[in-house]
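Asker: The following comprises the amino acid sequence and a computationally predicted model.
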Amino acid sequence: MALSVSDERRHEIARLAVSRFAVQGFDGTSMSDLARHVGLSKAGIYHYFPTKEAILAEALLEYSERLLSTVLQAAAGDGEPVERLGRVIGAILALYRDADAYHQVQINDLARLAPADQEIIRANERQVVRVMEGVLARLERDIDEVTLKALTMSVFGILNWKARWFRDGPGRLDLGDYITLVTEFVAGGVVRVARTSLETPR
């Protein structure tokens, strides 16, 4: 369903606000600062949001729902297990490409949201983890639950850390090459770990 003009404007304000929160900090950013940053008067920004906390909630909830929707869509459909893994990894990394500010603000300021909003975000994150677990489980059926959980969180460690060091450009891997590299690395590792665990007495 298409967003209304008002909803689109709210999303735009929240998106621009996140970039300010990431640079200046939530406490260091006033509503007047935000109004100037998004091209509105102070009264204009209050037309869309009653408080700075409401802007923060809009931004983090929308990003959380977008991440979950992206992962679910990538995991759906046919294809070999490695192909599906590649789609999910590729979708996550493509979304992360311009999401550093969201991640920083969520780490720093999630606790400022109402408990109900925090729980929505955490529930979405848990569902994203479950989708990745399901994708990894298809690579090798004979893998125990504890190992699968550890592998899943290790994959997110790889994906989440990428923003700290990965820069594509001349003489470097581009994003597509990096997605292929990570997919092959993870797929091969999952199969190797699963088979080794079967061979090793417990």
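Answerer: Noted; the coordinates are in hand.
Asker: contacting residues for the residue sitting nearest the centre point of the chain?
Answerer: Per C-alpha atoms, centre = their mean, the C-alpha nearest to the average position across the chain is that of residue 67, at 5.0 Å. Residue 67 makes contact with 92, 95, 124, 125, 128, according to C-beta atoms under 8 Å, 6 or more residues apart in numbering. In short, each C-beta sits where N, CA and C put it, glycine included.
Asker: got it, and residue 133?
Answerer: Here residue 133 is in contact with 148, 149, 152 (C-beta under 8 Å, 6+ apart).
Asker: For it, what is the enclosing helix or strand?
Answerer: Of the helices and strands defined by DSSP states H and E, residue 133 is found in helix 115-137.
Asker: Buried among the contacts of residue 67? Make that a ChimeraX selection.
Answerer: Selecting the buried subset of these in ChimeraX, with 16 or more other C-beta atoms under 10 Å as the burial test, is done by:
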select :92,95,124,128
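Asker: I'd like the contacts of residue 67 laid out as JSON lines, including distance to residue 12.
Answerer: Rendered in JSON lines, the data for the contacts of residue 67 read as follows (distance: C-beta to C-beta, whole Å):
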{"residue": "92", "distance to residue 12": "23"}
{"residue": "95", "distance to residue 12": "18"}
{"residue": "124", "distance to residue 12": "22"}
{"residue": "125", "distance to residue 12": "24"}
{"residue": "128", "distance to residue 12": "25"}
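Asker: Going by distance to residue 186, which of the contacts of residue 67 wins?
Answerer: Here the nearest of those to residue 186, counting by C-beta to C-beta, is residue 92; it sits at 11.8 Å.
Asker: Buried ones in stretch 72-85, by neighbour count?
Answerer: Burial within stretch 72-85, assessed by neighbour count using 16+ other C-beta under 10 Å, is assigned to 74, 75, 81, 82, 84, 85.
Asker: Kindly indicate which of the contacts of residue 67 lies nearest residue 111.
Answerer: The nearest member of the contacts of residue 67 to residue 111, counting by C-beta to C-beta, is residue 125 at 14.9 Å.
Asker: re earlier: which members of the contacts of residue 133 are positioned in helices?
Answerer: When DSSP state H is applied, the contacts of residue 133 are split such that 148, 149, 152 fall in helices.
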